[in-house]
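[1] show me how the following folds:
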Amino acid sequence: MARERIGILGGTFDPIHQGHIRMALSTLDTCRLDRLYVIPAGDPAYKSSVLNKEDRWKMVVTSCSQDSRLVPSRLELDHPGPTYTLDTLLALKKLHPRADLFFILGTDGLLKLHRWYRVEEVLPLCTFLVCPRAGDYLLEAFNAEKARLTEMGARFSMVKMPPVTTSSTDIREHLAEGQPTPGLYSPVREYCALKGLYGMPRREDRSDEWIEKLFAALNPRRFAHSLSVAAYSHRLARIHGIDARQAEQAGLLHDCAKCLPLKEMRRIAVEHALTDDPAILSSNALMHSLVGAWVARNEYGMADPEVLEAIAYHNTGHAGMSRLAMCVCLADSIEPTRESYPLLEQVRLLSELSLERALLMSLEGTAAYVRSRGKYLHPRTQETIAWLKTLPEVRSHKK
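    Below you'll find the predicted structure:
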């Protein structure tokens with residue numbers, strides 16, 4: 001029986017960025033790893049972190065949702081006192097006695113390896129996978145240190161991939177200055193914006209409570225999606241002169257009921273007379289929006305009727321819906337983490353010009369897809385399509 005191959009990517013992740021994820025995915029693909037643990041440091045002995053560990057943990061979980069092979073682990077976060085790699089490797093050896101361990105480093109990390117706590121005991125426990133990182137170091141010095149550590153018993157494998165140029169330090173500086181951060185996963189940037197992390201102005205006073213509840217209520221992919229919809233709703237609202245704070249709130253909370261069991265959704269819907277439509281009561285996809293508006297009002301304290309309307313109809317739309325609701329409905333279908341589908345890029349481009357025409361294109365595409373699969377299309381979606389076609393913005397463009 002082949003031994004399991006387990007990768008380890010550790011660090012403060014303050015914050016985790018796409019360079020970390022690229023290193024992880026490259027090693028998974030090129031080194032034939034079966035899984036990869038992403039382990040944020042709890043109380044790192046070698047340097048202090050800017051953020052508390054729970055914020056860093058939530059951002060790690062959010063970023064790892066991009067690939068099911070990435071396994072976020074609290075092994076060091078829950079360890080009392082300072083954390084050392086030696087302790088982590090020994091704990092993993094105990095958990096996986098028949099596995100081979102592979103520890104991921106950047107080229108800069110290899111040069112610092114000699115400073116690790118009891119490094120002579122660390123070296124035999126794993127193979128080091130070294131990923132190229134941009135930085136100021138001499139190739140001769142790198143090769144000499146690699147050779148010296150090899151003589152001490154270290155095993156190295158160089159990972160073929162483009163050098164990682166992103167650093168957490170750069171990301172923090174860019175966030176504080178309000179600069180673009182293409183190296184940061186969009187839901188993670190939104191997490192920072194909502195909570196006002198790394199010097200960003202805080203965009204939502206209730207974000208601590210809401211994010212804590214959503215993180216507990218949703219699976220990681222749905223949590224990341226909710227953050228991304230919040231960011232894209234905010235963006236569309238600013239482009240089209242709509243209240244951006246309302247749009248962001250509705251985007252963040254739009255799927256707050258999505259991961260409830262269907263039986264619990266049905267109980268809430270019937271008990272509170274949200275609908276008696278049997279098609280809705282039998283479908284998670286249709287019911288979670290109406291139940292979500294009730295949950296947002298009663299469990300998250302959202303009292304704004306416009307925000308609640310946007311949540312209640314984000315999946316089907318409805319005739320006469322507000323432009324705020326259009327923002328959220330569109331953002332739900334075109335936010336950056338969405339997997340590609342026909343018309344996605346066209347709808348994204350059109351959404352910058354016209355909410356009405358972009359929403360019409362999106363809903364018509366959804367209707368065509370549902371019908372082509374022989375599935376049920378709720379009449380409200382068709383009513384919304386018909387209503388959108390009567391709007392001056394749509395009619396004048398067709399003329």
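[2] buried residues, stretch 344-356. List them.
    V347, R348, L350, S351, S354, L355, E356 (16 or more other C-beta atoms under 10 Å). Any C-beta I mention is one placed from the backbone N, CA and C, and that applies to glycine too.
[3] want to throw the residues you listed into JSON lines with secondary structure, distance to L227 and pLDDT?
    Output for the buried residues of stretch 344-356, formatted as JSON lines (DSSP: H, G, I helix; E, B strand; the rest coil; distance: C-beta to C-beta, whole Å; pLDDT from 0 to 100):
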{"residue": "V347", "secondary structure": "helix", "distance to L227": "20", "pLDDT": "97"}
{"residue": "R348", "secondary structure": "helix", "distance to L227": "18", "pLDDT": "97"}
{"residue": "L350", "secondary structure": "helix", "distance to L227": "24", "pLDDT": "97"}
{"residue": "S351", "secondary structure": "helix", "distance to L227": "19", "pLDDT": "97"}
{"residue": "S354", "secondary structure": "coil", "distance to L227": "26", "pLDDT": "97"}
{"residue": "L355", "secondary structure": "helix", "distance to L227": "21", "pLDDT": "97"}
{"residue": "E356", "secondary structure": "helix", "distance to L227": "26", "pLDDT": "97"}
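[4] how about the residues you listed in TSV, adding distance to H17?
    Shown next, in TSV, are the buried residues of stretch 344-356 (distance: C-beta to C-beta, whole Å):
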residue	distance to H17
V347	28
R348	24
L350	31
S351	27
S354	34
L355	32
E356	37
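[5] farthest-apart pair in the residues you listed, please.
    By the measure C-beta to C-beta, R348 and E356 form the most distant pair in the buried residues of stretch 344-356, at 15.4 Å.
[6] so which residue is dead centre in this structure?
    Geometric centre of the chain, nearest residue: A224, 3.3 Å, by C-alpha atoms, centre = their mean.
[7] list the contacts for that one?
    T62, S65, Q66, Y185, P187, T337 (C-beta atoms under 8 Å, 6 or more residues apart in numbering).
[8] what's the lowest-pLDDT member of the residues you listed?
    On pLDDT alone, T337 ranks lowest of those, at 93.
[9] what's the closest non-adjacent residue to that residue?
    S228 (4.8 Å; C-beta to C-beta, 6 or more residues apart in numbering).
[10] repeat that for A367.
    Using C-beta to C-beta, 6+ apart and skipping residues adjacent in sequence, the residue nearest A367 is L377, 5.6 Å away.
[11] what's the spacing between the one you found and A331?
    Plainly put, L377 is 21 Å away from A331 if you go by C-beta to C-beta, to the nearest Å.
[12] looking at the two now, which is surrounded by more residues?
    The residue with more neighbours, out of L377 and A331, is A331; 28 against 17, by other C-beta atoms under 10 Å.
[13] helix, strand or coil: sort out the more buried one for me.
    Secondary structure assignment for A331 (DSSP: H, G, I helix; E, B strand; the rest coil): helix.
[14] could you report the neighbour count for M287?
    A count of nearby residues for M287, using other C-beta under 10 Å, gives 25.
[15] what's the answer for the one 4 residues further on, then?
    V291 is surrounded by 26 other residues when neighbours are defined as other C-beta under 10 Å.
[16] L359 versus that one, what's the distance?
    Going from V291 to L359 by C-beta to C-beta gives 23 Å.
[17] the stretch 1-150 of the chain: helices as residue ranges?
    Listed in chain order, the helices of the stretch 1-150 of the chain (DSSP state H, counting those that start in this stretch) span 18-30, 53-64, 85-95, 107-112, 119-122, 139-151.
[18] neighbours of E54, how many?
    E54: 11 surrounding residues under other C-beta under 10 Å.
[19] tell me the contacts of the residue nearest to T337?
    So S228 contacts S186, P187, E190, E335, P336, T337 (C-beta under 8 Å, 6+ apart).
[20] now G251: how far from E4?
    From G251 to E4 the distance is 40 Å (C-beta to C-beta).
[21] same check, this time on L36
    Using C-beta to C-beta, L36 is found at 12 Å from E4.
[22] closest one to A367 out of the contacts of A224, please.
    So of the contacts of A224, ranked by how close each gets to A367 (C-beta to C-beta), first place is T337, at 23.3 Å.
[23] surely that closest one and E190 touch.
    No. Assessed by C-beta atoms under 8 Å, T337 is found out of contact with E190, at 10.7 Å.
[24] now the longest helix belonging to the chain: buried residues?
    Longest helix in the chain by number of residues (criterion: DSSP state H): helix 220-239. Neighbour-count burial for helix 220-239 flags 220, 223-237 (criterion: 16+ other C-beta under 10 Å).
[25] secondary structure element for the closest residue to Q18 other than its chain neighbours?
    Take Q18 and drop its neighbours on the chain: the residue closest to it by C-beta to C-beta, 6+ apart is G183, 5.1 Å away. For G183, there is no host helix or strand (DSSP states H and E).
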